[in-house]
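Asker: what's the 3D shape of this:
(2 chains)
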Protein chains: 2
Amino acid sequence: MKVWNTLERDPTFQRPKKVPDSDEMKRLAAIQLHKYCHYNFLHPDTAKLPYKRKTKFMMTVNEALAVAFPDVSIKHAVGIGLFKNALSTLGTERHQHFVDASWNNQVLACLALTEIAHGSNTKQMRTTATYDEKTQEFIINTPDFKAAKCWVGNLGKTCTVAVLFAQLYTKGHCHGLHAFVVPVRDPNTLLPYPGLIIGDMGEKIGLHGIDNGFILFKDYRIPRENLLNRTADVTPDGEYESSFSEPGKILGAALESLSTGRVGIMQESSNNLICAVTIAIRYAAIRKQFGPNGDGGNTKNEWPLIEYQLHRWRLFPHMAAAAILRTFVTSFTDTYLSAVELSTTSKEFQNLSDVVSEVHAIVSSAKALVTWSCRDAIQECREACGGHAFMKASRLGDLRTTNDPCVTYEGDNNVLLQQTSNWLLRQWQNLTQGNKLTTPLGSCKFLENHRFISSQTFRVVESKTLTSQKFISECYEWLIVYLLKQTDSKQSEIERRTNKFVARAESQVYCAALLSKVYIEYLALNYFWAKVCAADSTLINTLNNLGALYGLSSLEKHLVYFYQGSFTNNSNFSKMIKDTILFLCDILKPEALGIIDGMAPPDFVVNSVIGRSDGKLYENLEAELMHGLSVMSRPDWWREIVINNPPDFMRHRSKL
Amino acid sequence: MKVWNTLERDPTFQRPKKVPDSDEMKRLAAIQLHKYCHYNFLHPDTAKLPYKRKTKFMMTVNEALAVAFPDVSIKHAVGIGLFKNALSTLGTERHQHFVDASWNNQVLACLALTEIAHGSNTKQMRTTATYDEKTQEFIINTPDFKAAKCWVGNLGKTCTVAVLFAQLYTKGHCHGLHAFVVPVRDPNTLLPYPGLIIGDMGEKIGLHGIDNGFILFKDYRIPRENLLNRTADVTPDGEYESSFSEPGKILGAALESLSTGRVGIMQESSNNLICAVTIAIRYAAIRKQFGPNGDGGNTKNEWPLIEYQLHRWRLFPHMAAAAILRTFVTSFTDTYLSAVELSTTSKEFQNLSDVVSEVHAIVSSAKALVTWSCRDAIQECREACGGHAFMKASRLGDLRTTNDPCVTYEGDNNVLLQQTSNWLLRQWQNLTQGNKLTTPLGSCKFLENHRFISSQTFRVVESKTLTSQKFISECYEWLIVYLLKQTDSKQSEIERRTNKFVARAESQVYCAALLSKVYIEYLALNYFWAKVCAADSTLINTLNNLGALYGLSSLEKHLVYFYQGSFTNNSNFSKMIKDTILFLCDILKPEALGIIDGMAPPDFVVNSVIGRSDGKLYENLEAELMHGLSVMSRPDWWREIVINNPPDFMRHRSKL
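Answerer: As a prediction, the model looks like this:
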């Protein structure tokens, strides 16, 4: 609230009436970033807090910024937050002055990893950093345009330094991908240094305020000390030395560098999801269309959209998703930060390694689940608000373009899902080989009962028991075990004929990819249910209904597998679940606006002319339309399009 | 090709390097429209052609324009095409001079129907046109802002005349919604006339070149003759006279005014769908990622994306949809135009009325199917092309925003689906009451066998028979009959308790809305299969595989209904269909680029840097990035963001 209230009072953060061109948007975002940094929400004292408290505080501040000003948030995260992280976790004390400068807002950075021809497969990066003993420098080179670093946020126009990932060569040997701090622009002039070609990626689909850039290196030299040497170093005379003395810290570092960005994306996407459903449900409560006597001229009997079963069914599952995923992300962030903190103190290497693996498995699929759920919700909300949602001022278009790249960056969702299924399959093999599960966080502990779970079938029940946690859990656990078995046997069968790579590739569809999705849906629900227990008793009923709606409407997408896997052959199973979904949409109707008001940020942040909390839809629309720029003025270029000698009857000749 | 080649050679139609602001985009679109009109692709002689040939010719020219320059096409369609249509079908010879002026490009018009608080429910429109006998004029009034006409294309800045829909009042009686020709701007100055408030809708999500506007009337007078009086007129002394002397023509007019816009949208969406899959499949053929030896530094073993089963499964069903829906739309357009032509000659009123109803039922759900299929394909293609698709030059973002409003305008898709299900339910009631079907176009003729169809169940078959037209037809026909029965009994049950309105509203989800979707998917396939028979024998195999992939991957979404409705309780049914989908994706792999090249427009039209036909993905990307505007220049505003007194270590100090 402090961040939001501060920005709302600052003219720099008022949205311009006229949509600026992308150059001006970049200027605005850069200036807003400066202003934001000057507010010192992250005062340098924050650096002294214990890790978990510090990081949670920083994440919260970032969330507040991101939901209102996503471009500024990403510029900040990349240019300051992730830069500090990278230096702290990959660098050593010899890079501390960069970290300090970052806390003091004296440097804007970028992270250069992706290359033109390689995104997800980081091991194939082709940029090289070759050590030159004579000068004790690394010489950086880009072999060709396909290896140019690209999509680097802040690099296009504004940053001065990069964390660069390149293949490290010493004495003719390649030691794999390493990170380097690389100055790229003179901080006094913002001109690139000789030896670099830096360009802007040009016009994008969205996030126009971010200057994504590309860079090519030609014999560009940096000092030896610029290697981030937490895990390996190069001596002045060119010996490569890896330092595996602190395995815990290495794991923690690996975890953080892999996961922090993804956790941030989950937070941002879950907030955007809340904004989207806020807009659509407030609109649905006011907007009327047809009604029992709709054929006459009488408008009094028109129904608000929310009165229509179809409309509730289109929106309420997304509202439930917003509640469940938001709770899951908040709660899991705690788990995640504890795991990272543990890595700095724990002596139990094996357990720590298991924690890191499980967190990675969860974050990978959770990032996919949350960003895709947000994508689907935004699109349904856009359509559910009809034509007025096509106004930029509805915000739904900007929400869509803001969330869109989240399904791709920091790991393509489809690639990430494989990380989760690989981990789950390892767990499964542990079990079937008589070993123990390694699930220190307990996310798949129920697999211990897999024999019992597999033997379960659908028993005809009263329809009200379908909303229970017990029923939904039984369904999810059965489905996860079923998909594990299917995937495992399909992979084994293909691997016998080919190899592990092909086996994995050919078992994603209907098996491994689905397994990961179902696992994470269920885990999200479990995190939600754990919080519901602690909620105020007056809220528990509604929260349980939201959980049930999320669970059943998610299960509905996988319903056929319960027949395919012989959980049931009862034709009523499908029908009962569908009827229960409709029932839940009905009983949540009187609560919907309350649920929304409980989740929604202030109007300044939601920033939608059709989704304000005052319910004055048409008054707000009128003000927005009337006060726009050049709304009623003739365009300057009218002479260019006027039709010469229009026929006389085209002129208006009223008799009065 | 003539349109495309002409525009490709004209500098006016080259895409600007810098994305202009929305005012400049409106100017560009207006100027391109003038230029386009001057090319006289629709020479006034076209007007003399017989209806069907003339309209098909105009539609083809519009399709060519729309896929390359959607804004110009919409401005043209609204401002010239639909204006002519409205005057021809709703007006009489006293409006012929407007039609002639339109053919001669002497007038740009708009169609004002939607009001701020009423979109879909046209009967609730509140703008009034009250006849004043004393002056023989209509006085037009907007009661309040909620009744302002809005989203009117061309009205914001450029048009001079409107076709206005308003409630007609004479002698204190309301006679319902009627259409009027209303001059709104002086054609010599482009200034609005007194009595009007005209504004621009402001910034939108997309289609920035179109000046959508709103208008309020205050005692604005137009001559009596401006009433479009094909179906009803007002005499000079204020008598309201409806003229139902030519019922066939009225029906034809109703059909055209309802459906032409929707047919046009189907055409445009099916072309956009082709563009999207063209981009993604060409990209997938070149772009490499991981591979069996992906862990080493060897890039030679990396797989192109198209080699991944998951990637094929994500894209190929959309490729099949592009082929099937494109064929369906082309072929159905013929049927549609014949029906309209019939309306001008036929004496058989009853049959004609049945044709009109069936065409309306088909168009309503077909518009929903095609626009939603295009939406889903574009999003999947965007994600399948990863980060590079986030460049504006990929075109996928523009395709998304161009298609987005198509699911809303000319009838919201969800509202339209009800038109189809209502018609299907009437047919079902005909049958169950022992009457005949009224399906002159035969789209639901198979329902005559409903008893046999209902009795069908899944017989275990060889998996290769699952790709046959016979199997897919049996599944679809069973499903349609099942959903008809479910919807009919649910509606009857609810209607007994409440009323017809409530019964319809409460039977959309899982019943009526789904029924309409399934019916139109099956019809699209039937139109496709009818064309396959006539294809070159060397193509038939591939075309059948495309048809089967479309059929099975569409059926897959409804698979659980086959268990719910007891078509089968065999757990293998679902698995066999899924395996067959994967099999079809495999065998279509070697054909995919050929199929795409067979459907894709020229590169100038597809207009995507990552989807060119030359396969030179990275060369094209390099040229695009390097030749962009201000790619490598320091921004003018660099002084505003430079950090004062950066620490000395931020400066680059290479030792050489």
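Asker: CA only for contacts and neighbour counts going forward, please
Answerer: Fine.
Asker: can you list the residues of the stretch 151-300 of chain A near chain B?
Answerer: A:151, A:156-158, A:160-161, A:183-184, A:186-191, A:197-206, A:221-223, A:287-292, A:294-299 (CA under 8 Å from any CA of the partner chain).
Asker: Which among these count as buried?
Answerer: A:151, A:156-158, A:160-161, A:183-184, A:186-188, A:190-191, A:198-206, A:221-223, A:287-291, A:294, A:299 (16 or more other CA atoms under 10 Å in any protein chain shown).
Asker: Return the subset of the residues of the stretch 151-300 of chain A next to chain B lying in helices.
Answerer: Among those, no member falls in helices (DSSP state H).
Asker: Which SSE is immediately downstream of the helix or strand containing A:Leu514?
Answerer: Using DSSP states H and E, A:Leu514 sits in helix A:513-533. Remark: after helix A:513-533, the chain's next helix or strand is helix A:537-556, criterion DSSP H and E.
Asker: buried ones in that following helix?
Answerer: So, applying 16+ other CA under 10 Å, buried residues of helix A:537-556: A:540, A:542-555.
Asker: after it, next one along is what?
Answerer: According to DSSP H and E, the helix or strand after helix A:537-556 is helix A:560-564.
Asker: Which other helices and strands does that following helix contact?
Answerer: helix B:560-564, helix B:571-587 (3 or more CA pairs under 8 Å, 6 or more residues apart in numbering or on different chains; DSSP states H and E).
Asker: other SSEs contacting the longest one?
Answerer: Under the contact criterion of 3+ CA pairs under 8 Å, 6+ apart, the helices and strands touching helix B:571-587 comprise helix A:560-564, helix B:309-345, helix B:537-556.
Asker: what would the ones you listed look like in JSON lines with distance to A:Ile494 and mean pLDDT?
Answerer: Formatted as JSON lines, the helices and strands packed on helix B:571-587 follow (distance: least, CA to CA, whole Å; pLDDT from 0 to 100):
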{"stretch": "helix A:560-564", "distance to A:Ile494": "21", "mean pLDDT": "98"}
{"stretch": "helix B:309-345", "distance to A:Ile494": "13", "mean pLDDT": "94"}
{"stretch": "helix B:537-556", "distance to A:Ile494": "24", "mean pLDDT": "97"}
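Asker: Out of those, flag the one nearest A:Pro143.
Answerer: helix B:309-345 (29.2 Å; CA to CA).
Asker: re the thing from before, so which of the helices and strands packed on helix B:571-587 gets nearest A:Leu216?
Answerer: helix B:309-345 (30.5 Å).
Asker: wait, does whichever helix or strand comes after that closest one contact chain A?
Answerer: Using DSSP H and E, the helix or strand that follows helix B:309-345 in sequence is helix B:349-384. Yes - against chain A, helix B:349-384 shows contacts by CA under 8 Å from any CA at B:Glu383.
Asker: ok now the helix or strand that comes right after helix B:349-384, how far from the chain's centre?
Answerer: Next along the chain after helix B:349-384, taking DSSP H and E as the criterion, comes helix B:396-403. Its chain's C-alpha centre and that of helix B:396-403 lie 13 Å apart, by CA atoms, centre = their mean, to the nearest Å.
Asker: what does helix B:396-403 rub up against?
Answerer: Residues from elsewhere that reach helix B:396-403 (CA atoms under 8 Å, 6 or more residues apart in numbering or on different chains): A:205, B:70, B:205-207, B:269, B:272, B:276, B:371, B:374-375, B:378-379, B:381-382, B:389-390, B:392, B:608.
Asker: quick one: it to helix B:349-384, angle?
Answerer: Counting by axes from the mean of the first three to the mean of the last three CA atoms, to 10 degrees, helix B:396-403 lies at 160 degrees to helix B:349-384.
Asker: So is whatever helix or strand comes next after helix B:396-403 next to chain A?
Answerer: Reading on from helix B:396-403 to the C-terminus, the next helix or strand found by DSSP H and E is helix B:413-432. No - using CA under 8 Å from any CA, helix B:413-432 stays clear of chain A, coming no nearer than 8.8 Å.
Asker: other SSEs contacting helix B:413-432?
Answerer: Looks like helix B:413-432 contacts helix B:349-384, helix B:469-497, helix B:513-532 (3+ CA pairs under 8 Å, 6+ apart).
Asker: Averaged pLDDT, it. What do you get?
Answerer: When pLDDT is averaged over helix B:413-432, the result is 97.
Asker: Just the buried positions in that helix, please.
Answerer: Buried, per 16+ other CA under 10 Å, within helix B:413-432: B:413-421, B:423-425, B:427-429, B:431.
Asker: same deal with stretch A:234-243?
Answerer: A:Val234, A:Pro236, A:Gly238, A:Tyr240.
Asker: which residues are contacting that stretch?
Answerer: Contacts of stretch A:234-243 (CA under 8 Å, 6+ apart): A:Tyr131, A:Asp132, A:Glu133, A:Gln136, A:Thr170, A:Lys171, A:Arg224, A:Arg230, A:Thr231, A:Ala232, A:Asp233.
Asker: Check stretch A:508-526 too.
Answerer: Taking CA under 8 Å, 6+ apart as the rule, stretch A:508-526 contacts A:324-325, A:328, A:362, A:365-366, A:369, A:414, A:417-418, A:420-421, A:443, A:473, A:476, A:479-480, A:483-484, A:486-487, A:547, A:551, A:554, B:309-310, B:313, B:578.
Asker: low-confidence ranges in the stretch 101-250 of chain A?
Answerer: A:244-250 (pLDDT under 70).
Asker: nearest spatial neighbour of A:Met201, skipping sequence neighbours?
Answerer: Counting by CA to CA, 6 or more residues apart in numbering or on different chains, A:Met201 lies nearest to A:Gly213, which is 5.0 Å off, once chain neighbours are set aside.
Asker: tally of neighbours for that neighbour?
Answerer: 26 (other CA atoms under 10 Å in any protein chain shown).
Asker: Chain B contacts on the stretch 301-450 of chain A?
Answerer: A:308-310, A:313, A:383, A:386-387, A:390-393, A:397-398, A:405, A:407-409, A:412.
Asker: Go again with 6 Å.
Answerer: A:Gln309, A:Leu310, A:Gly386, A:Phe390, A:Met391, A:Lys392, A:Gly397, A:Thr408 (CA under 6 Å from any CA of the partner chain).
Asker: Give me the spatial nearest neighbour of the first one, chain neighbours excluded.
Answerer: When the adjacent residues along the chain are set aside, A:Gln309 lies closest to B:Glu506, with 5.8 Å between them (CA to CA, 6+ apart).
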